[in-house]
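Asker: Sequence plus the predicted model coming up.
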Amino acid sequence: MGIGNEMGYAVVRGAAGDFAQVVEQTRQALTEQGFGIMSEIDVAAALKKRLGVDYPRTIILGACNPTLAHKALQAAVDVSVLMPCNVVVRENNQGKVEVAAIDTMAMAHLINHPQFDAIAEEVGHLLSQALAKIP
């Protein structure tokens, strides 16, 4: 599904459209796949306010599929430190808009719990479907 990153913990793809448009398309695509947006962080605004530095527009959406979150918590309670799934809309250094999401199988390797792999695979599939809907 698009470009991966060199570190192996995120799935990254380019997106068409302006930043605000892609943020809205991302929200809608996540909702269509059963995710709710539990949090939203404007990274650029926070860095400007706290440190006085300029940073490219970056929004972190904390996405959660309640059914799968419940299954994950039943399998391994400490998975809560990795929740919700972060989906990032950002401008890169060339001013292009990208969407990035956690690679859930990389997260599964961190957790190393027998029941968690199937859950991570299902979440990853839904995230992939959501990202694929963003032009």
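Answerer: Everything's here; your move. Numbering: from 1, shown residues only.

Asker: Residue 37: what secondary structure?
Answerer: strand (DSSP: H, G, I helix; E, B strand; the rest coil).

Asker: what does residue 50 give?
Answerer: Of the three states, residue 50 takes helix under three-state DSSP.

Asker: What's the local residue count around it?
Answerer: 8 (other Cβ atoms under 10 Å). C-beta coordinates here come from the backbone N, C-alpha and C atoms, glycine included.

Asker: and residue 54, that's in a strand?
Answerer: No. Counting by three-state DSSP, residue 54 is not found in a strand; it is coil.

Asker: Pretty sure it sits against residue 43.
Answerer: No. With contact defined as Cβ atoms under 8 Å, residue 54 does not count as touching residue 43 (11.6 Å).

Asker: any idea how far stretch 73-83 is from the chain center?
Answerer: 17 Å (Cα atoms, centre = their mean, to the nearest Å).

Asker: hang on, the earlier thing: who has more neighbours out of residue 54 and residue 43?
Answerer: A direct count of neighbours by other Cβ under 10 Å for residue 54 and residue 43 places residue 43 higher, at 15 against 8.

Asker: Please look at that one and residue 55 and confirm they touch.
Answerer: Yes. Shown here, residue 43 and residue 55 form a contact pair, counting by Cβ under 8 Å, at 6.4 Å.
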